[in-house]
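>>> The sequence isn't on hand, but the structure is:
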């Protein structure tokens with residue numbers, strides 16, 4: 001977990017201060033320097049129109065990490081709200097779960113492709129689409145926790161003294177779903193970055209004029225035999241980022257699961 005956290009902090013800092021640490025404008029076109037191999041001048045080489053791949057990778061990370069963070073916050077918020085209502089209110093549960101089942105019946109990438117084709121390519125639309133795709137999984141997780149928590153004695157006691165339902169959900173039920181929700185949030189973060197990269201790779205995610213790891217990879221596939229570095233470095237950073245997030249998620253699971261803690 002510590003290694004994953006360190007990697008994430010370093011990557012986040014690099015993307016946040018991209019304008020201060022890179023030497024080239026990621027949008028600057030220099031045809032005389034096209035397809036240059038990695039060197040001390042251009043750390044990750046240049047692409048087919050002379051843009052610095054290192055600068056584009058760092059700035060592209062800012063977009064990808066922002067999409068992952070925004071999707072995670074929105075999915076957790078929506079999933080908590082809907083999952084609490086669904087798990088606690090039996091009448092609403094049937095309707096909500098059938099709707100969630102309908103969304104989850106579609107393959108993730110296929111549903112994302114259909115929605116983004118309807119809404120158009122932009123950062124905001126990508127965030128909305130991935131949030132719609134990921135929220136049902138969070139809803140199911142929170143609902144499963146609430147189904148067991150609503151039968152606990154402290155919840156029944158709060159209900160017996162006349163506590164309103166919103167108070168019971170917010171003060172007695174929601175805090176006890178924290179551990180699994182935080183673990184699932186890390187996997188949503190990693191998954192959102194991968195889905196965004198996949199959509200951008202296919203040309204349906206982030207617009208081509210705005211660098212992201214996915215569309216840099218898409219550009220590099222056309223020059224894979226003569227300039228492998230265009231795809232290699234963004235792909236490597238993407239892999240390391242997702243691996244680091246998963247390591248953090250595994251560490252949180254081990255730390256927050258009482259059964260695993262007792263075994264250790």
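Now that the structure is in, tell me what you want to look at. Quantities reported herein were computed from a predicted structural model and do not represent experimental measurements.

>>> What helix or strand is residue 98 located in?
In the assignment (DSSP states H and E), residue 98 maps to helix 90-104.

>>> where in the stretch 1-150 of the chain is pLDDT low?
Residues of the stretch 1-150 of the chain meeting the criterion pLDDT under 70: 1, 19.

>>> Not counting sequence-adjacent ones, nearest residue to residue 61?
Excluding the flanking residues, the one nearest residue 61 by Cβ to Cβ, 6 or more residues apart in numbering is residue 15, at 4.1 Å. Every residue, glycine included, has its C-beta placed from N, CA and C.

>>> gap between the one you found and residue 98?
Distance, residue 15 to residue 98, using Cβ to Cβ, to the nearest Å: 40 Å.

>>> Tell me which of the two has more neighbours.
Remark: of residue 15 and residue 98, residue 15 carries more neighbours, 21 against 9, as counted by other Cβ atoms under 10 Å.

>>> Determine the three-state secondary structure at the more buried one.
Using DSSP: H, G, I helix; E, B strand; the rest coil, the structure places residue 15 in helix.

>>> Test my guess that it contacts residue 55.
No. In this structure, residue 15 is not within contact of residue 55 by Cβ atoms under 8 Å, at 11.4 Å.

>>> angle of the host helix or strand of residue 143 against helix 90-104?
Assigned by DSSP H and E, residue 143 falls within helix 123-149. Counting by axes from the mean of the first three to the mean of the last three Cα atoms, to 10 degrees, helix 123-149 lies at 140 degrees to helix 90-104.

>>> List the contacts of the helix or strand that helix 123-149 is followed by.
Going down the chain from helix 123-149, the next helix or strand is helix 153-160, by DSSP H and E. Helix 153-160 has contacts (Cβ atoms under 8 Å, 6 or more residues apart in numbering) with 149, 167-168, 171-173.

>>> what does stretch 88-98 give?
Here stretch 88-98 makes contact (Cβ under 8 Å, 6+ apart) with 82, 85-87, 139, 143, 146, 150, 165, 168-169, 173.

>>> same deal with stretch 26-39?
Residues contacting stretch 26-39 (Cβ under 8 Å, 6+ apart): 42, 44-52, 55-56, 58-60, 209, 211, 223, 226-227, 229, 233.

>>> Any buried residues in it, and which?
26, 33, 36 (16 or more other Cβ atoms under 10 Å).

>>> where are the low-confidence patches of the stretch 151-264 of the chain?
The model of the stretch 151-264 of the chain has pLDDT under 70 over residues 257-264.

>>> got the angle between the helix ranked longest in the chain and helix 153-160?
When the chain is parsed with DSSP state H, its longest helix is helix 53-88. With the same axes, to 10 degrees applied, the angle from helix 53-88 to helix 153-160 works out at 60 degrees.

>>> Figure out how far helix 53-88 is from the centre of its chain.
Mean C-alpha position of helix 53-88 versus that of the full chain (Cα atoms, centre = their mean, to the nearest Å) differs by 5 Å.

>>> for stretch 243-255, same thing?
Offset of stretch 243-255 from its chain centre (Cα atoms, centre = their mean): 14 Å.

>>> Could you pull out the buried residues of it?
244-249, 251-253.
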